[in-house]
Every structure is written in C-alpha cells, then in structure tokens.
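Enquirer: build me a structure from this.
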Amino acid sequence: MIVEFFTLLSLGLVVGFSGAIIPGPLLAFTVFDTSRKKKITGPRIILGHAIWESVIILIILLGFGGLITQNILAIYILGGVALAAIGISMIRSKGKEISMEKSKVNSSFIGGIFYTAFNPTQPLWWATGGLALLLTGLEMMSIIGVLVVTAGHWLADLIYYSFVSFAVKRNEQHIVPHQKAIAIVLGVFMMLLGTYFLIQSIQQLLL
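Expert: Model (predicted):
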C-alpha cells in the first residue's frame, strides 16, 4: 500500500510538473497578478485552479468525458475569444493594481478558476492524457489512488506557481519600474495564444 501510494504521488508530481512548466494563460496571470499586487498570490491562484479541475475530473469520472471531446471545437472558439479579450484588457490596464478593499472577491482565487476554465487545452488534456492518469490511480488503489495521483498533480502546480510568484515578488524592485511593459508583453502573449486557438478552430471548420 505504501509503495503504491508513493508511486502514484510521484507519478502525479512528474506529470504535474511537465504540464506546469509549459507557458500558458495561468502562468501569465500569475506573473501579472503577483507584480500588480506586490505579494505572493500563487497559492491562491492554484486553489482556484484545483477547484475548477476537480469539476472537470468529476465530470470525466462520471462518464461524461465524451462531452468534452465531442465539443472541443466550441471549447477552442470560446477559449480563444476569451483569451484574446483578456490580453486586450491586460494591455489596457498597464499593470495597475486592483484595490482589494473595493473588491468583494479574492481576485487571485477567482483568476485561478477563470484562467483555467478558459484555457481550451485544459479540459481536453484531462479527457485524454489526464484520464490515463486517473485510470492508473483507480487500477492501483481504487478511488484512493485517484485522489493520490490528483493530489500529486496539484502539489506540483502549487510548488511551481508558488515559486514563480515568489520569484516575481522577490525581484519586485526590478519588476515594478517595468510594470507597464510587463503587462503589455503578457497581454500580447495572451492575445497571440487566443488567436492561435481561433486559427486552430477555423482550420478544423474548413476541413
């Protein structure tokens, strides 16, 4: 039991790190959010990220993963439009800090949910490669295995994004003077990412 536990935890960690290090909207948001608030926001972002992923995992385990793969074109279009719009918003904000006293919600937490939900590759990954990970856990330790391998995956996300957030906060003296430029660069990245997903969608429609 102990061997299986650490095997699944390690598997979740390795797979989690391999996905976390790939640049995407969540990474861009983590850098942007930490730099504008001047504090470590990575853990809160990942909490929102994990909650949204838990919904996707539950859908898949209940046997509705086909709904994701069958509607992947719509997911790519919606995600592409959302990311492009977010990129424009980031550029227009020019890195201005949101006043948390005026906000009724924890924007880092909500951002973790939002930027995960509108990443078109995220639900597709869980319905394919992620499903294999879940089935491995189920096969080795039943539902406990699913929980362990998923916990390993989220632990990798937490470690990586907390490190990114810490690094940004640690070097804020070098980042704050260039906050506007950083916001613009990250905004352009989000726009390009959104445009890429839209182009992929158009190509699929033309096939």
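
Enquirer: which helix or strand lies directly C-terminal to the helix ranked longest in the chain?
Expert: Longest helix of the chain, by residue count under DSSP state H: helix 129-170. Toward the C-terminus, helix 129-170 is succeeded by helix 172-175 as the next helix or strand (DSSP states H and E).

Enquirer: returning to what we had before: check which helices and strands the longest helix of the chain sits against.
Expert: The helices and strands touching helix 129-170, judged by 3 or more CB pairs under 8 Å, 6 or more residues apart in numbering; DSSP states H and E, are helix 2-20, helix 25-37, helix 42-59. For glycine as for every other residue, the C-beta is placed from the backbone atoms N, C-alpha and C.

Enquirer: pick the most buried one from those.
Expert: Of all the helices and strands packed on helix 129-170, helix 25-37 carries the top mean neighbour count, a mean of 23, counting by mean count of other CB atoms under 10 Å.

Enquirer: alpha carbons of that helix, in PDB - could you do that?
Expert: Taking C-alpha atoms only, helix 25-37 is exported to PDB below (Å, rounded to 0.1, in the frame of the first residue of the first chain):
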ATOM      1  CA  PRO A  25      -2.600  31.700 -19.500                       C
ATOM      2  CA  LEU A  26      -2.300  30.600 -15.900                       C
ATOM      3  CA  LEU A  27       1.400  31.400 -15.800                       C
ATOM      4  CA  ALA A  28       0.900  34.800 -17.500                       C
ATOM      5  CA  PHE A  29      -1.800  35.600 -14.900                       C
ATOM      6  CA  THR A  30       0.400  34.500 -12.000                       C
ATOM      7  CA  VAL A  31       3.200  36.900 -13.100                       C
ATOM      8  CA  PHE A  32       0.700  39.700 -13.800                       C
ATOM      9  CA  ASP A  33      -1.200  39.200 -10.600                       C
ATOM     10  CA  THR A  34       1.800  39.000  -8.300                       C
ATOM     11  CA  SER A  35       3.500  42.000  -9.900                       C
ATOM     12  CA  ARG A  36       0.500  44.300  -9.600                       C
ATOM     13  CA  LYS A  37      -0.400  43.300  -6.000                       C
END
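
Enquirer: by contact count, what packs against that helix?
Expert: Contact here means 3+ CB pairs under 8 Å, 6+ apart; on that basis helix 25-37 packs against helix 42-59, helix 72-93, helix 107-117, helix 129-170, helix 179-206.

Enquirer: give me the pLDDT for the closest residue to residue 10 other than its chain neighbours.
Expert: The shortest distance from residue 10 to any non-neighbouring residue, by CB to CB, 6 or more residues apart in numbering, is to residue 152 (6.8 Å). For residue 152, the pLDDT comes out at 95.

Enquirer: residue 152 contacts residue 11, correct?
Expert: Yes: the pair residue 152 / residue 11 is scored as a contact, 6.6 Å apart, by CB atoms under 8 Å.

Enquirer: what is in contact with the two at once?
Expert: Residues within reach of residue 152 and of residue 11 at once, by CB atoms under 8 Å, 6 or more residues apart in numbering: there are none.
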